[in-house]
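> model the following, please.
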Amino acid sequence: MRKNLDYGVLHAMTAFVRVVDAGSFTAAAVQMELTTAQVSRLVSELENRLQTKLLQRTTRRMSVTTAGERYVEQCRTILELVTEAESEASGARIQPGGRLRVLGMASFGDRYVVPLVAKYCAMYPAVTVEYCASQYVPDLLAEGVDVSVYVTRKLPDSSIVAQRLGAVHGVLCASPEYLKRHGSPKSVDDLGGHTALRLVNSSSTAHWELTDGKSTHSIQPVGPLVGDHPEAVLHAACSGLGIAMLPGFAVVDQIRKGELVHVLPQWRSPEHGVYVLMPSRRFLEAKTRAWVELLKAELPAAIERDAMHFVQKTGSKRRSRG
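Coordinates of the predicted model:
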């Protein structure tokens, strides 16, 4: 019954909005579980109905017309109101159900988010969770993501709703074997004479920026490995290949076991915020609200527990110097 009701002007509006957000008819078709031809036909029928060109299409690119830019925002408002009315009538805002698409950064997600996915599934069996990992800034609308957990120094300017859940820092570390062969750096100036293992992605730059709380140093490290995933750099560091600067949460277990040594513990990277990101919407469905509330209840304490290892270690070293 519901499927039959879907096929009308609202369905065409949905297709148009998905095409604009996803940037292509093919991506929109995947999200709507339709063929590319069906989505194209819906948009064409909408243009015929309006007697207005909404999209300029060629074999190579697609762009939104001026009329299309105005109309897509009106469509969003209309569709959000329809969704809100249906959700309130059906109870979707009260009882979590349906599909929840979650995106997390690979290493951070493995440590903190994945365990909460299992807990959430046990709490809300009517929800099917689709969990994906990525190291890069998500396009929530284009990718159809409900919630993302992202670590960054600066959020991109967008309409995305962001809530801060905590902060993490990068720390310097190396294996005992490497330090035995090459010596331990005594100051940040000594790092230039060491082999560096670099993590470079959307939240980590090629240069090392370090702070001790009073001053900052920027270093251009040189070494045989550049990875966009902490695990690749972590493995190389544990193998004795060089000194790495990695998020504290990614190395805390190896440091506790003695597989890595915390190098220059008074120095660390500037703070990176941990954020839960959601598309800008006028309301949250129960499934999304429940997931965000679980993140807010569990993540800050888990992040703080790992961070305290480095605070206590640094503090004890400073006291011993006194």
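
> quick one, strands of this structure?
55-57, 62-64, 98-104, 127-133, 147-152, 161-168, 170-174, 196-199, 208-211, 216-219, 225-227, 243-247, 261-263, 272-278 (DSSP state E).

> pipe the ones you listed into CSV and attach mean neighbour count, distance to residue 44 and mean pLDDT per row.
(Glycine included, C-beta is placed from N, CA and C.) Shown next, in CSV, are these (neighbours: other C-beta atoms under 10 Å; distance: least, C-beta to C-beta, whole Å; pLDDT from 0 to 100):
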stretch, mean neighbour count, distance to residue 44, mean pLDDT
strand 55-57, 15, 9, 89
strand 62-64, 13, 13, 90
strand 98-104, 19, 29, 91
strand 127-133, 15, 31, 93
strand 147-152, 23, 33, 90
strand 161-168, 16, 33, 92
strand 170-174, 26, 51, 97
strand 196-199, 24, 47, 95
strand 208-211, 19, 51, 94
strand 216-219, 13, 54, 92
strand 225-227, 17, 46, 93
strand 243-247, 27, 48, 96
strand 261-263, 20, 61, 97
strand 272-278, 20, 32, 92
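
> tell me which of the ones you listed sits nearest to residue 32.
Nearest of those to residue 32, taken as C-beta to C-beta: strand 98-104 at 13.4 Å.

> just checking, what packs against that closest one?
strand 127-133, helix 140-143, strand 147-152, helix 286-321 (3 or more C-beta pairs under 8 Å, 6 or more residues apart in numbering; DSSP states H and E).

> pull up the gap between residue 232 and residue 250, please.
Plainly put, residue 232 is 11 Å away from residue 250 if you go by C-beta to C-beta, to the nearest Å.

> more neighbours, these two?
residue 250 (25 against 15; other C-beta atoms under 10 Å).

> mind checking pLDDT for the closest residue to residue 82 other than its chain neighbours?
Of all residues not flanking residue 82 in the chain, residue 10 sits nearest, at 6.3 Å (C-beta to C-beta, 6 or more residues apart in numbering). Per-residue pLDDT puts residue 10 at 90.

> show me the contacts for residue 10.
By C-beta atoms under 8 Å, 6 or more residues apart in numbering, the contact set of residue 10 is 78-79, 82.

> buried ones among the residues you listed?
Neighbour-count burial (16 or more other C-beta atoms under 10 Å) is assigned to none of these.
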